[in-house]
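S.K.: need coordinates for the below:
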Amino acid sequence: MEWNVKNALSRDVEREHLNRILKDIRKTIDGMQRSAEQPSRPSQPAPIRVAPSAPSTFTLTLTGDVTGSATVGGTNSVIVTTLDPSLVGVGEAPLDSNFYWRAFGEWQAVPYTLLSLSYVEGDGYLHFSDENGWEVQTNEQASANIHTIKLEALTTIHGRRAVAADITGVYHPDISVIDDGPKIVGITRQAGNVGDVVEVQTGGLMTDPSWSWSSGAVFVDDEGILTQTAPASGWVVCVGKAIASDTIDINVSLTLIRS
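M.R.: Below you'll find the predicted structure:
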């Protein structure tokens, strides 16, 4: 007798398939035994028959993606099966301290960057960096990450001031130079010297405890100094609005260029 076992996607599916085969085997054996037990009618002489005897044991062979062979008999039988190793599907993960998942037919360790998510605590926005891994950040921190760019300093750069940018880097704008107004991109997050890479926040919330703003627009003055009084000459650029005494919602817009 032969039963063909197709590729199973998991051990549970394979086990269910084999159970169905064993059930079919038991049904076949029972049928053979019943055919051997044919009682005669009491009112008639029992005919002489040579009934086939049910075999006590027989060899079961599985072919296909799962193979195995065993002598089957009695009430319990064990068939040791083997999966074709070239198939993608059933397979045991390596037994070690790592967590694994299957990708492209192979077991691969789950990256630590994903596993470490289980250790994150706190309320806020989730952020990952190569330096610190996963962190929970405030609304302001998350906003800064989204809207911050890094550019090379062309001159000495001061922190918490507006900067203009061209294809070579950033600098503080000169209010007497008309072309500097349209080049303003945002507010620096730290100071830097010539050649340093500085972070410039182009949007979102920025907070500094040294500020004491009133509600309203925040403008750029000469050398990128922030002010709530629009300059009397040169260009007028609004870099955002003060939403608290120590917080600006950055949104650079060119308001006016005087000729």
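S.K.: where's the closest residue to residue 147 other than its chain neighbours relative to residue 218, distance?
M.R.: Nearest residue to residue 147 in three dimensions, chain neighbours excluded: residue 203, at 3.8 Å (Cβ to Cβ, 6 or more residues apart in numbering). Yep, even glycine has a C-beta here, placed from its N, CA and C like the rest. Distance, residue 203 to residue 218, by Cβ to Cβ, to the nearest Å: 14 Å.
S.K.: of those two, which one has the most company?
M.R.: A side-by-side neighbour count of residue 203 and residue 218, using other Cβ atoms under 10 Å, places residue 218 first with 22 against 16.
S.K.: direction included, what does the host helix or strand of the more buried one pair up with?
M.R.: Per DSSP states H and E, residue 218 falls inside strand 216-220. With DSSP bridges as the test, strand 216-220 is paired with strand 226-227 (antiparallel), strand 236-244 (antiparallel).
S.K.: of those strands, flag the one that's most buried.
M.R.: Across these, averaging neighbours per residue (mean count of other Cβ atoms under 10 Å) puts strand 236-244 on top, at a mean of 19.
S.K.: next SSE downstream of that strand?
M.R.: Next along the chain after strand 236-244, taking DSSP H and E as the criterion, comes strand 247-256.
S.K.: that following strand vs strand 216-220, what angle?
M.R.: Per axes from the mean of the first three to the mean of the last three Cα atoms, to 10 degrees, the angle that strand 247-256 makes with strand 216-220 is 60 degrees.
S.K.: sheet-wise, list the partners of strand 247-256 with their directions.
M.R.: Strand 247-256 pairs in its sheet with strand 203-207 (antiparallel), strand 236-244 (antiparallel), by DSSP bridges.
S.K.: the ones you listed: which one's closest to residue 112?
M.R.: Residue 112 sits nearest to strand 203-207 of all those, at 29.8 Å, using Cβ to Cβ.
S.K.: now do the contacts for the residue nearest to residue 147.
M.R.: 143, 146, 147, 186, 250, 251, 252 (Cβ atoms under 8 Å, 6 or more residues apart in numbering).
S.K.: just the buried ones from those residues?
M.R.: 143, 147, 186, 250, 251, 252 (16 or more other Cβ atoms under 10 Å).
S.K.: doesn't residue 202 make contact with the second one?
M.R.: To tie it back to what came earlier, the one meant is residue 147. Yes - between residue 147 and residue 202 there is a contact under Cβ atoms under 8 Å: 5.0 Å.
S.K.: what's the overlap in contacts for the two?
M.R.: Taking Cβ under 8 Å, 6+ apart as the criterion, residue 147 and residue 202 both touch 186, 250.
S.K.: hang on, the earlier thing: what's next to the strand holding residue 218, contact-wise?
M.R.: Contacts to strand 216-220, defined as Cβ under 8 Å, 6+ apart, come from residues 162, 173, 184, 226-231, 236-242, 248, 255.
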